[in-house]
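*Asks:* Structure here, sequence nowhere to be found:
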């Protein structure tokens, strides 16, 4: 392949899935993973509670070894939650579970993208923290031709394993890009990034659209409507999970001080009026 797919002329770029992340990662300084239902939403819930989250693509022996080596709990499947193993990919389950300092969180979509990032800084973005992520990116100078940024929408999987683009991740990615630009940072946008931002800003009720989309319907019909409700808590969180030494932890300002505090001046208005 040549380099036609790299969006090299632009400070803010956009792609889908782990394959897209692999293509763009080497040419960017920062990669934002967006997996609204539910990996990055779950990461935001866990990290704001003080848990270090170790991403892992599959719930297999690799995940068990990762948990053992890091003295971490291992998240189970949504339907496998018990009193002894209360942690799962469900953000609602994570809110109910007792605190754990370290958690291995398998996910074939969001975790796989984080693993594909190479040496880039990796951030977990979702609707819950889109404004905070946008401010953090601007604060650290990401999204310029000198420090380019790739926003990766995770999408879902069809039964044959192929990528199913998800509305929830398209709007989540658009929310992050819109929030970055609302700070006066970021740009120029690639045509792909500009289209995703436009899709978000042209949606009068992004939270309502996500709550009614196919991926949300799948979760709700499976008994996990609470996970959808948490995922559409737009700008409820000021925590920016950043992958550091193999685990997502809360990001800091450029001087190393915690991001929480005066730097937060209130959410950017991500839902257009009318």
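*Replies:* Yep, it's here. Values in this document were obtained by computation on a predicted structure and should not be read as measured data.

*Asks:* Count residues in the vicinity of residue 79, would you?
*Replies:* Neighbour count of residue 79, defined by other CB atoms under 10 Å: 10. For glycine as for every other residue, the C-beta is placed from the backbone atoms N, C-alpha and C.

*Asks:* again, but for residue 90
*Replies:* 25.

*Asks:* Let me know whether it touches residue 79 as I believe.
*Replies:* No. The pair residue 90 / residue 79 is not scored as a contact, 9.5 Å apart, by CB atoms under 8 Å.

*Asks:* so what sits against both of the two?
*Replies:* Common contacts of residue 90 and residue 79 (CB atoms under 8 Å, 6 or more residues apart in numbering): none found.

*Asks:* mind listing the strands for the chain?
*Replies:* Secondary structure of the chain (DSSP state E): strands at 12-16, 30-34, 52-56, 73-74, 102-106, 121-125, 149-153, 156-157, 163-164, 241-244, 247-250.

*Asks:* Output those as CSV; include the columns mean neighbour count, mean pLDDT and distance to residue 135.
*Replies:* Listed next are those as CSV, based on neighbours: other CB atoms under 10 Å; pLDDT from 0 to 100; distance: least, CB to CB, whole Å:
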stretch, mean neighbour count, mean pLDDT, distance to residue 135
strand 12-16, 27, 98, 15
strand 30-34, 30, 98, 13
strand 52-56, 25, 95, 21
strand 73-74, 20, 96, 31
strand 102-106, 24, 96, 25
strand 121-125, 27, 97, 12
strand 149-153, 32, 97, 14
strand 156-157, 16, 94, 28
strand 163-164, 15, 95, 30
strand 241-244, 22, 96, 13
strand 247-250, 20, 96, 14
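
*Asks:* Reformat these into JSON lines and put distance to residue 85 next to each item.
*Replies:* Output for the strands of the chain, formatted as JSON lines (distance: least, CB to CB, whole Å):
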{"stretch": "strand 12-16", "distance to residue 85": "32"}
{"stretch": "strand 30-34", "distance to residue 85": "25"}
{"stretch": "strand 52-56", "distance to residue 85": "16"}
{"stretch": "strand 73-74", "distance to residue 85": "8"}
{"stretch": "strand 102-106", "distance to residue 85": "11"}
{"stretch": "strand 121-125", "distance to residue 85": "23"}
{"stretch": "strand 149-153", "distance to residue 85": "30"}
{"stretch": "strand 156-157", "distance to residue 85": "24"}
{"stretch": "strand 163-164", "distance to residue 85": "29"}
{"stretch": "strand 241-244", "distance to residue 85": "22"}
{"stretch": "strand 247-250", "distance to residue 85": "20"}
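
*Asks:* And the nearest residue to residue 10 once chain neighbours are set aside, how far from residue 147?
*Replies:* Ranked by CB to CB, 6 or more residues apart in numbering and with sequence neighbours excluded, the top spatial neighbour of residue 10 is residue 190, at 3.9 Å. Residue 190 is 15 Å from residue 147, where distance means CB to CB, to the nearest Å.

*Asks:* More neighbours: which of the two?
*Replies:* Each of residue 190 and residue 147 had its neighbours counted (other CB under 10 Å), and the higher figure belongs to residue 190 (22 against 15).
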